[in-house]
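K.L.:
Below are the sequence and a predicted model for it; my questions follow.
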Amino acid sequence: MFAVAVTFQIAPQQMAAFMPRMLENARISLESEAGCHQFDVASDEARPNEVFLYELYTNKAAFDAHLGSAHFNTFSAQTEQMIVDKSVLTYAKVQQ
C-alpha cells in the first residue's frame, strides 16, 4: 500500500466553498479509481481552517494516476485560490 497524508490550510472565507469540492473529489476517487482504497477527509473544530486527508492507494503508480485524473485536475483548478498552504507526505508500506 501507498499512503498519502495531506494537510490543507484554507482561507477562512473559503471553507464553505472548499469542503463540498473536497468531498466530491474524495467520492469520485473512491468510486472511479481502482487503485484508490481509502480517501478520508477530516477536520477539527479547534482548527477550523484546516482539512486533513488520509488516502490509501495500491502503489505510487495508482496515486500518480489519481493526480492525472480529470476529476482531480478539476478540483485543483477550482480550489487553487482557496488554499493558503498545503503539505503532502507519502509513505510506502515497509514489508516484513
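P.N.:
Everything's here; your move.
K.L.:
mind listing the helices for this structure?
P.N.:
With helices called from DSSP state H, the chain shows them at 15-32, 60-67, 70-79.
K.L.:
Which one of those lies nearest to Lys93?
P.N.:
Nearest of those to Lys93, taken as CB to CB: helix 60-67 at 11.2 Å. The C-beta positions use only the backbone N, C-alpha and C, and glycine is treated the same way.
K.L.:
circling back to that earlier point, want to try JSON lines for the helices of the chain, with mean neighbour count as columns?
P.N.:
Formatted as JSON lines, these follow (neighbours: other CB atoms under 10 Å):
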{"stretch": "helix 15-32", "mean neighbour count": "15"}
{"stretch": "helix 60-67", "mean neighbour count": "15"}
{"stretch": "helix 70-79", "mean neighbour count": "14"}
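K.L.:
got those helices as a markdown table, with distance to Ala3 columns?
P.N.:
A markdown table is the format used below for the helices of the chain (distance: least, CB to CB, whole Å):
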| stretch | distance to Ala3 |
| --- | --- |
| helix 15-32 | 14 |
| helix 60-67 | 9 |
| helix 70-79 | 17 |
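K.L.:
Please name whichever of those helices is nearest to Leu89.
P.N.:
With CB to CB as the measure, helix 60-67 is the member of those nearest Leu89 (12.1 Å).
K.L.:
Tell me which of the helices of the chain sits nearest to Phe2.
P.N.:
If you check each of the helices of the chain against Phe2 by CB to CB, helix 60-67 wins as the nearest, at 5.2 Å.
K.L.:
Spit out the contact partners of the nearest residue to Ala5 once chain neighbours are set aside.
P.N.:
For Ala5, the nearest residue in space outside its immediate sequence neighbours is Leu89; the separation is 4.6 Å by CB to CB, 6 or more residues apart in numbering. Leu89 makes contact with Val4, Ala5, Val6 under the criterion CB atoms under 8 Å, 6 or more residues apart in numbering.
K.L.:
right, so of the helices of the chain, which gets closest to Gln95?
P.N.:
Taking those one by one with CB to CB, helix 60-67 is closest: 14.6 Å.
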